[in-house]
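Asks: Mind looking at a prediction? Sequence and model below.
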Amino acid sequence: MTGKDGVKEANTFIIEGLHVSVEDKEILKGVDLAVKRGEVHALMGPNGSGKSTLANAIMGHPRYKVTKGRILFKGEDILGLTPDQRARKGLFLAFQYPLGIPGVVMGNFLRAALKARRGEDVPIRDFRKVLDETLDLLKIDPSFVRRYVNDGFSGGEKKKAEVLQLALLKPEMAILDETDSGLDIDALKVVAEGIEALRGPERGMLLITHYQRILNYVRPNVVHVLYDGRIVKTGGPELAQELEKQGYEWIIKEFAPAAAGAGKGAT
């Protein structure tokens, strides 16, 4: 894709007219979104608006069928790529509900993930150096990586593990699907500080959230509101503050008439 100046936008993550169905039920109904490297975008919306559907469609979950539109990353339409190919290309998804993997040590899991990301083996000495630097950056105790992946972890520890993976793999585009879900205020601050530590010109982020509270700690460049499968409003950080004051009712009242007749339901 080219911008207005004719230059290929290889440093922008672009979604164009995306329609997604689950079990023949249309959930996303024409989503347009562009995130440049170095920017943090927040995607907000009421329950059932399609936020998690968008995250899963971006990463290529087979349950979510793209019926129309494109997803461009590094100037390439990635819809034909498998989830692992998308990850190796530099996409990352932090799950809303990370799964536990009993018997698999976190350190071994992270080394395998880094090997897959780089496409080559990572010598143990090199891995240990990178891991120690990352743990220090995120202020995580080294004992954390000697535990089984998410096995017996609290909600905050699971989200901390997601941020650790993000920091280690260094993707160019990160989608964080309700990383603040289920966190108490102390855990929220820890996770938010980790996300802030990873901001930089080499990485774009799409922070999907239902609540404004994480945006008190991670200040987005742009805020989008998703409702009934479409982005209906875009603004600056003040938009999130307005949502905090008024709730989603004003969005629903304003855009429900326009959405009527276009189909209902989202996950």
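Replies: Cool, the structure landed.

Asks: only C-alpha atoms for contact and neighbour calcs from this point on.
Replies: Fine.

Asks: now the strands for this protein?
Replies: In the chain, the segments counted as strands under DSSP state E are 12-22, 25-36, 40-44, 65-73, 76-77, 91-94, 101-105, 148-149, 173-177, 204-208, 222-227, 230-235.

Asks: Which neighbours in the sheet does the fifth one have, and how are they oriented?
Replies: Put plainly, it is strand 76-77. If you go by DSSP bridges, strand 76-77 pairs up with strand 65-73 (antiparallel).

Asks: cool, the last one as well?
Replies: Strands adjacent to strand 230-235 in the sheet, as given by DSSP bridges, are strand 222-227 (antiparallel).

Asks: same question, the longest one
Replies: According to DSSP bridges, the neighbouring strands of strand 25-36, each with its direction, are strand 12-22 (antiparallel).

Asks: Quick check: mean pLDDT of the partner strand?
Replies: The predicted model gives strand 12-22 an average pLDDT of 96.

Asks: just so I have it, where are all the helices in the stretch 101-250 of the chain?
Replies: If DSSP state H, counting those that start in this stretch is used as the criterion, the helices of the stretch 101-250 of the chain fall at 106-118, 124-138, 155-169, 185-197, 237-246, 249-259.

Asks: Give me the residues contacting stretch 106-125.
Replies: Where contact means C-alpha atoms under 8 Å, 6 or more residues apart in numbering, the residues beyond stretch 106-125 that reach it are 87-90, 127, 144-149, 165, 168-169.

Asks: Report the buried members of these.
Replies: Buried residues within the contacts of stretch 106-125, defined by neighbour count using 16 or more other C-alpha atoms under 10 Å: 87-90, 127, 144-145, 147-149, 165, 168-169.

Asks: sorry, back to before: would you turn the strands of the chain into JSON lines with distance to Gly50?
Replies: Compiled in JSON lines, those are given as follows (distance: least, C-alpha to C-alpha, whole Å):
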{"stretch": "strand 12-22", "distance to Gly50": "9"}
{"stretch": "strand 25-36", "distance to Gly50": "6"}
{"stretch": "strand 40-44", "distance to Gly50": "10"}
{"stretch": "strand 65-73", "distance to Gly50": "13"}
{"stretch": "strand 76-77", "distance to Gly50": "21"}
{"stretch": "strand 91-94", "distance to Gly50": "16"}
{"stretch": "strand 101-105", "distance to Gly50": "28"}
{"stretch": "strand 148-149", "distance to Gly50": "28"}
{"stretch": "strand 173-177", "distance to Gly50": "12"}
{"stretch": "strand 204-208", "distance to Gly50": "11"}
{"stretch": "strand 222-227", "distance to Gly50": "7"}
{"stretch": "strand 230-235", "distance to Gly50": "8"}
